[in-house]
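K.L.:
build me a structure from this.
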Amino acid sequence: MTLALLSPAAAQNSSPLLRTDKLSVKVLTLTHGLAHPWSVAFLPDGRMLVSEREGRLRVLGADFKLHPRPIEGLPEIVARGQGGLFDVVLHPDHARNGWIYWAYNAPGPGGWGTALARGQLQGQRMTNVQVLFSMVPKTRSSHHFGGRIVFDRQGMVYLTLGDRGDMERAQRLDDHAGSVIRLHDDGRVPADNPYVGRAGARPEKWTLGNRNIQGAAQHPVTGDIWSHEHGPQGGDEVNLMRSGRNYGWPLVTQGVNYGIGTPIGEAKNKPGYEAPLHVWTPSIAPSGMAFVTGDRFPQWRGHLLVGALRGQVLVRLDVQNEKIVGEERLLEGLIGRIRDVRLGPDGLIYLLTDEAQGALLRIEPAGP
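P.N.:
Now for the predicted structure:
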């Protein structure tokens with residue numbers, strides 16, 4: 001159901017009151033002027049880190065004022081097309097070790113591709129920078145980088161990768177493209193990764209057959225990794241990620257060829273390939289996702305929030321066990337392209353809009 005706008009109070013406090021199926025919420029604009037922001041992470045002292053696709057990592061104060069200088073010390077980042085600086089995430093034990101992780105488009109032989117690095121922030125400089133992973137082979141394509149990072153309860157780190165605009169790569173075990181990568185937090189390859197020891201396979205790979213994953217989150221109860229990915233023209237998917245599973249692209253998909261609408265691959269569903277939990281046709285171009293936890297939105301607890309670029313919408317998915325039983329579309333056409341969705345340490349919902357003058361917004365409950 002589309003959200004109904006009740007009171008356009010933005011002229012007073014940038015906080016329109018909106019009614020959803022289950023509760024009313026307020027939407028506040030906290031800051032704007034961010035250049036195609038991609039991700040937001042919350043530091044323990046109340047500050048925030050915001051990545052900008054062009055390759056800048058910015059600091060927002062607890063008062064939401066943007067520090068004038070980007071953080072220094074990051075490795076070289078290639079900002080081309082959809083590529084640049086992507087996700088930024090704190091280590092689960094950041095309070096003890098200070099590690100900050102980011103995904104980015106890294107140069108290398110043959111072009112560029114998605115990489116994972118970590119460092120420790122000292123003032124306005126990233127120190128002790130370590131590149132943990134860099135995909136191969138690299139190409140000069142400007143499409144489908146993936147770039148989301150998520151940790152599991154065992155401290156393993158997962159990095160999502162796109163097919164780099166070359167669909168056949170997603171089914172190749174000797175190619176990192178079109179997969180999820182699983183590593184120890186220091187970049188070592190886990191011995192129980194599904195393709196370790198298999199001749200010709202990349203040991204970092206945890207899945208294959210993924211087109212372009214731009215949303216990933218850990219389920220708050222089961223600990224499973226959920227993701228969503230872009231379909232070609234329709235066929236955007238929500239998936240439950242499992243070790244060694246094949247998610248089908250481009251052999252099995254509910255999307256079709258751009259422009260001409262002809263089928264891609266062999267089927268929409270096929271034994272031996274993981275079926276999606278949810279599909280969007282037409283495409284909404286999903287980006288960013290978060291499970292709702294805590295007490296601030298009790299009516300939404302356990303639900304999944306997904307941002308959308310093309311759809312310019314925040315989607316709420318009602319999750320029951322491993323099934324999606326309902327969908328509500330919020331903020332449709334009201335704030336623009338939604339790139340990231342995060343649950344903050346205060347239990348509130350934070351959004352980033354993907355614009356040349358992008359914004360950080362916060363969703364708060366506004367009573368029954």
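
K.L.:
what is the mean pLDDT for stretch 197-213?
P.N.:
Averaged across stretch 197-213, the pLDDT comes to 98.

K.L.:
residue 117: what's it in contact with?
P.N.:
Residues in contact with residue 117 (CB atoms under 8 Å, 6 or more residues apart in numbering) are 74, 75, 101, 102, 104, 129, 130, 131, 132. (C-beta placed from N, C-alpha, C; glycine too.)

K.L.:
for it, which non-adjacent residue is spatially closest?
P.N.:
residue 131 (4.8 Å; CB to CB, 6 or more residues apart in numbering).

K.L.:
quick check: the one you found touching residue 119?
P.N.:
No - applying CB atoms under 8 Å as the test, residue 131 and residue 119 come out as separate, 9.8 Å apart.

K.L.:
these two: who's more crowded?
P.N.:
More crowded of residue 131 and residue 119, by other CB atoms under 10 Å: residue 119, with 22 against 14.

K.L.:
the more buried one pairs with what?
P.N.:
Per DSSP bridges, residues listed as beta-bridge partners of residue 119: residue 100.

K.L.:
where does residue 1 land on pLDDT?
P.N.:
Residue 1 is given a pLDDT of 35.

K.L.:
returning to what we had before: now, the contacts of residue 117 that are in helices?
P.N.:
Counting by DSSP state H, no part of the contacts of residue 117 is found in helices.

K.L.:
out of those, which is most surrounded?
P.N.:
residue 104 leads the contacts of residue 117 on contacts (other CB under 10 Å) with 30 neighbours.

K.L.:
just checking, that one touches residue 75?
P.N.:
Yes - with contact defined as CB under 8 Å, residue 104 reaches residue 75; the gap is 7.4 Å.

K.L.:
who's in contact with the residue nearest to residue 117?
P.N.:
75, 106, 115, 116, 117.

K.L.:
over to residue 365?
P.N.:
23, 24, 25, 26, 296, 297.

K.L.:
ok, now residue 143?
P.N.:
Applying CB under 8 Å, 6+ apart, the residues contacting residue 143 are 81, 82, 162, 164, 165, 212.

K.L.:
what's the closest non-adjacent residue to residue 90?
P.N.:
Residue 90's closest residue in space is residue 41 (CB to CB, 6+ apart), at 5.5 Å.

K.L.:
any weak-confidence spans in this protein?
P.N.:
1-16, 367-368 (pLDDT under 70).

K.L.:
ok, 80 please
P.N.:
1-16, 267, 367-368 (pLDDT under 80).

K.L.:
show me where it has its helices.
P.N.:
Using DSSP H, helices in the chain cover 10-13, 94-97.

K.L.:
and the closest residue to residue 107 other than its chain neighbours, how far from residue 230?
P.N.:
Distances taken as CB to CB, 6+ apart put residue 78 closest to residue 107, at 5.3 Å, once the chain neighbours are dropped. From residue 78 across to residue 230, the span is 21 Å (CB to CB, to the nearest Å).

K.L.:
settle it for me: which of those two has more neighbours?
P.N.:
With neighbours defined as other CB under 10 Å, residue 78 and residue 230 compare such that residue 230 has more, 26 against 21.

K.L.:
residue 18 versus that one, what's the distance?
P.N.:
27 Å.

K.L.:
for residue 278, what are its contacts?
P.N.:
237, 238, 317, 324, 327.

K.L.:
contact partners for residue 310?
P.N.:
283, 284, 285, 337.

K.L.:
could I get those as a markdown table with neighbour count and distance to residue 33?
P.N.:
Output for the contacts of residue 310, formatted as a markdown table (neighbours: other CB atoms under 10 Å; distance: CB to CB, whole Å):
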| residue | neighbour count | distance to residue 33 |
| --- | --- | --- |
| 283 | 19 | 29 |
| 284 | 24 | 26 |
| 285 | 20 | 24 |
| 337 | 19 | 16 |
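
K.L.:
for residue 205, state which of the residues you listed is nearest.
P.N.:
Closest approach between these and residue 205, by CB to CB: residue 285, at 25.2 Å.

K.L.:
please list all residues in contact with the closest one.
P.N.:
Per CB under 8 Å, 6+ apart, neighbours of residue 285: 230, 236, 308, 309, 310, 311.

K.L.:
which of these fall within strands?
P.N.:
The members of the contacts of residue 285 that map onto strands under DSSP state E are 236, 308.

K.L.:
can you redo the contacts of residue 285 as JSON lines with distance to residue 265?
P.N.:
Listed next are the contacts of residue 285 as JSON lines, based on distance: CB to CB, whole Å:
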{"residue": "230", "distance to residue 265": "15"}
{"residue": "236", "distance to residue 265": "16"}
{"residue": "308", "distance to residue 265": "24"}
{"residue": "309", "distance to residue 265": "24"}
{"residue": "310", "distance to residue 265": "22"}
{"residue": "311", "distance to residue 265": "24"}
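
K.L.:
can you name the two of the contacts of residue 285 that are farthest apart?
P.N.:
230 and 311 (11.6 Å).

K.L.:
what do those two both touch?
P.N.:
283, 285.

K.L.:
who's the residue nearest to residue 90 bridged to?
P.N.:
As assigned using DSSP bridges, the partners bridged with residue 41 are residue 49.

K.L.:
quick check: it touching residue 47?
P.N.:
No - applying CB under 8 Å, one finds residue 41 not in contact with residue 47, separated by 9.7 Å.

K.L.:
quick one, which of those two is more surrounded?
P.N.:
Each of residue 41 and residue 47 has its neighbours counted (other CB under 10 Å); residue 41 has more, 21 against 16.

K.L.:
contacting residues around the more buried one?
P.N.:
48, 49, 88, 89, 90, 100, 342.
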